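Enquirer: 3D, please:
(one chain, ligands or ions: 3)
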Amino acid sequence: MITSLTVIYISPEMKSGDICSSEAVTGGENVFSCEPSDVSSADHLVVMVNGILGSSEDWRFAAEQFVKSHPDRVFVHRSEKNAASQTLDGVDVMGERLSQEVLEVIKQKPNLRKISFVAHSVGGLVARYAIGRLYRPPREKTEEMSAETFEEEKATIGGLVPMNFITVATPHLGSRGHKQVPFLFGVSALEKVAVLVIRWIFRRTGQHLFLTDDDEGKPPLLKRMLEDSGDCYFMSALRSFHRRVAYANVGYDRILGTLLWEDSVNEKYPHVVYEERCKACDLEQDSTKDDNTNDVEEELVTGLSRVSWEKVDVSFHNSRSRFAAHSVIQVKNYNLHTDGETVFNSCPAHTSLHLNVFLKLARNVYQEFKTKTQKLSMDLTLKSPPNLHYLSLTKTPNPFSSRLFLKPINSFKYITFKHQIYNKNSFISHPIRAQGLNHDKTPVENDEVEDDGFVLEDVPHLTNFLPDLPTYPNPLEHSQAYAIVKETFVKPEDVLAQQIVVQKGSPRGVHFRRAGPRKKVYFKSEEVKACIVTCGGLCPGINTVIREIVCGLNNMYGVNNILGIEGGYRGFYSKNTMELTPKIVNDIHKRGGTILQTSRGGHDTNKIVDNIQDRGINQVYIIGGDGTQKGAAAISKEVEKRRLHVAVAGIPKTIDNDIAVIDKSFGFDTAVEEAQRAINAAHVEVESVDNGVGIVKLMGRYSGFIAMFATLASRDVDCCLIPESPFYLEGEGGLYEYVQQRLKENRHVVIVLAEGAGQEYVSESANANVEKDASGNKLLLDIGLWLTQKIKDHFTTVKKIPINMKYIDPTYMIRAVPSNASDNIYCTLLAQSAVHGAMAGYSGFTVGPVNSRHAYIPIGRVTETTNVVKLTDRMWARLLASTNQPSFLNKPK
Ligand SMILES: Nc1ncnc2c1ncn2[C@@H]1O[C@H](COP(=O)(O)OP(=O)(O)O)[C@@H](O)[C@H]1O
Ligand SMILES: O=P(O)(O)OC[C@H]1O[C@](O)(COP(=O)(O)O)[C@@H](O)[C@@H]1O
Ligand SMILES: [Mg+2]
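Expert: Ligands and ions are numbered 1, 2, ... in the order given. Alright, predicted model coming up:
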């Protein structure tokens, strides 16, 4: 209901810079600065959302701090649509209300351009629901849109640019089995009863939190919120924010207990260090968890891990206010934090901690994408004695995956929680740096190291779920081949930086574990039963990878039992296997394709893992593209769930070079080289006739790498069209004009076309429905034929210029050739790295070069985004400079 209009009122008594509040049009509370400038310049809407049984009052203090620190930029709206008993109406109902409320605010404030959310407790789930409703996907490309406009088209939240999504003590994993209902004090017996009467206690919200909701047979809402569904774009919305930050109490959160992901890890996943656990929670066995809890939680963790998060652990462990941690973290009560001494009769450190939490929050809200990697440790240095609280900052794109490599706290005797607190000059801990490199129990002493923004994105290891797995000396110790090598084994602390172009003072950033043989292996050679499967489209070099896995396992590790799974994923359960020996694979690298055959579709995780189990396979090598790697991730998760001693290694394959993180995919070089032959043929053809127009279509569904590199390599190409750079035909700066100009100047023209370019034109003209292949990939329409016809029509009919059109489609010919020399070497390294990784007990990883050195990369990292040609990067500029083609940025109206 509309209660009043937002009034920006500056009374004469108010000093410039004062903070004002007014009741908003939505009934919420708006907080803004009285600076005259802010009325027009505050373009960043910060929506604050309270938690269960809370109200907009809870965020008052924080709202004022926010506005104070950036008076001219921020406009804070404290939601009031879900207060007190309304917070029991259900996450979805509250989410709907919040989305309406936000739209009203936006309507009233035309200056707003950006939006951030700061939400406490259940409010974080409500905000996730609301953004799902407010999400607006980028508009489809239209004829009228210039390339520039299209470039600028981004998804929005209610029309505003999504900036920061911050949750504070939010139960993202639900509350089931976590002992966090406040008045049950973590007592299992009470909780058991509580679950039964939860509808009565927390009504619909309780059902959502305990995942007992069942709307018309649908899965629990928290699970549904891991996907986009219908007009609720839950995941796309979350992903659209520049940053997602999760604040969590490390302990003493009576409401949340151990339910936040980083905390939930400890009981089930004994990996998180720096956790100060609530004693009441620790001591008793958790008998409230049903068997399903792990699965559901795992699903929620996996789902949420698909987007990157930063997390901030907050501990009040030595503070008297610790028992109120759930609200203290929000700095809910103004008096409590400003007059902390009177309330708690304790040291002023409370105040400084709370304010620092705030400052951090405020900074997160204002931090723009470009500066997001700035050194976090700067933010939180506390001046007070360091024995009361600490803040641990983990700047990781994936807090969920980071837990996979952290070791149990008791394996870090050299670095303890207390040590961390007392010995640092700030309260910042370095969890990743301190713990990340300890698989082989050779810790890196890092006591003296400053927090320099180092992040290790580690890969899972079999000991994460099989802690007692025995190790064996690596047979390479006695290998003649390695006898002369200075360092046979890769040092456990060797990592590779993802970014190598950095500036002085910039954070060290993301690193991956260096690939290579380890001193200890987790398999006895004679007990290894390996299998290899190839999936997806063809690519030069697949046979080389198969060959080198077989030879690598056999020659380096003495493994004799290797199976080939035929026909892709479905081959696990529907086909026979073939034996693979060095002799059988000896010559296969000279052939294109895959001797194992491949297929699309047919991935059935359970059937595949059943089959792995039935056959006694304990190493699975999976060669395939992005789809295949997603399948590999699912298999490795299932293996972990069943606690099988099975290592799953992914080897990325795609001719399109669209796999993220790695430098390039194997077969790409060969493809670029092979494309030269087609381009050359086109060039020879068109220069031998008058007004020759040659069009060469190359592969590249979403990424135009082959076309771009083939063009750069050839020098005979006049124009390169790729999916990432929309082009247009008519008018100034269009393709027709350019072709005509080249014909006039040169009497011939060669165009290289990636198959994914201009798909919108073809589908429009053919009025065709989008069809998909068995794996769910969009089937492309033939842009080559379409463009050929358009150019022919234009010049013969409109311009009356006779042309000689030569259209060449070498796509499958390129894909089917054997790999060239450099790809053969590359394939060999990939295969050997995969073998070393699996033998060393890593599982659920993809291998690939990062800045020319081979690394083990968590599978999720290579599948979460697609590698595409960035038009803003130098390489595309180089291409434009070399062809002199139009940039197609200024499409005429
Ligand atoms: N999201 C997914 N989860 C599990 N398996 C998948 C997924 N996407 C694709 N796959 C499986 O991976 C295999 C290859 O996928 P596809 O997209 O055809 O090729 P590529 O791996 O080369 O991208 C197919 O068997 C397909 O069923
Ligand atoms: O016709 P197919 O064999 O399904 O494959 C065609 C597609 O395969 C690709 O080569 C990519 O394949 P992957 O996704 O398997 O790597 C694309 O370039 C092409 O569009
Ligand atoms: Mg693919």
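Enquirer: Where does Arg513 fall, secondary structure wise?
Expert: strand 509-514 (DSSP states H and E).
Enquirer: elements contacting that strand?
Expert: strand 454-456, strand 495-497, strand 853-858 (3 or more CB pairs under 8 Å, 6 or more residues apart in numbering; DSSP states H and E). C-betas here are computed from N, CA, C, even on glycine.
Enquirer: Could you export the ones you listed as a markdown table, including distance to Leu222?
Expert: Below are those laid out as a markdown table (distance: least, CB to CB, whole Å):
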| stretch | distance to Leu222 |
| --- | --- |
| strand 454-456 | 28 |
| strand 495-497 | 35 |
| strand 853-858 | 24 |
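Enquirer: Could you tell me the least trusted of these?
Expert: Least confident of these, judged by mean pLDDT, is strand 454-456 with a mean of 89.
Enquirer: and the chain, which of its residues are near ligand 2?
Expert: 536-537, 625, 654-656, 699-701, 755, 773, 780, 815 (CB under 6 Å from any ligand atom).
Enquirer: Against ligand 3, which of those residues make the cut? List them.
Expert: Checking those against ligand 3 by CB under 5 Å from the ion, the ones in range are Gly625.
Enquirer: export the residues of the chain next to ligand 2 to TSV and tack on pLDDT?
Expert: Converted to TSV, the residues of the chain next to ligand 2 look like this (pLDDT from 0 to 100):
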residue	pLDDT
Gly536	97
Gly537	97
Gly625	96
Thr654	95
Ile655	95
Asp656	95
Met699	97
Gly700	96
Arg701	94
Glu755	97
Asp773	95
Leu780	93
Arg815	96
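Enquirer: Check the residues of the chain next to ligand 2 one by one and keep those near ligand 1.
Expert: For ligand 1, the contacts drawn from the residues of the chain next to ligand 2 by CB under 6 Å from any ligand atom are Gly536, Gly537, Gly625, Thr654.
Enquirer: Excluding residues flanking it in the chain, which one is nearest the residue in the stretch 651-800 of the chain positioned nearest to ligand 1?
Expert: Of all residues in the stretch 651-800 of the chain, the one sitting closest to ligand 1 is Ser775 (3.1 Å; CB to the nearest ligand atom). Leaving aside its chain neighbours, Ser775 sits nearest to Arg600 (4.0 Å; criterion: CB to CB, 6 or more residues apart in numbering).
Enquirer: tell me, how many neighbours does that neighbour end up with?
Expert: Arg600: 20 surrounding residues under other CB atoms under 10 Å.
Enquirer: So, low pLDDT: which residues of the stretch 551-700 of the chain?
Expert: The stretch 551-700 of the chain contains no residues with pLDDT under 70.
Enquirer: Let me see the ranges of the strands in it.
Expert: For the stretch 551-700 of the chain, the strands defined by DSSP state E, counting those that start in this stretch cover 562-565, 577-579, 619-624, 647-652, 692-698.
Enquirer: Make JSON lines out of those strands and add mean neighbour count and distance to ligand 3.
Expert: Output for the strands of the stretch 551-700 of the chain, formatted as JSON lines (neighbours: other CB atoms under 10 Å; distance: least, CB to the ion, whole Å):
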{"stretch": "strand 562-565", "mean neighbour count": "24", "distance to ligand 3": "19"}
{"stretch": "strand 577-579", "mean neighbour count": "15", "distance to ligand 3": "25"}
{"stretch": "strand 619-624", "mean neighbour count": "28", "distance to ligand 3": "8"}
{"stretch": "strand 647-652", "mean neighbour count": "30", "distance to ligand 3": "10"}
{"stretch": "strand 692-698", "mean neighbour count": "27", "distance to ligand 3": "16"}
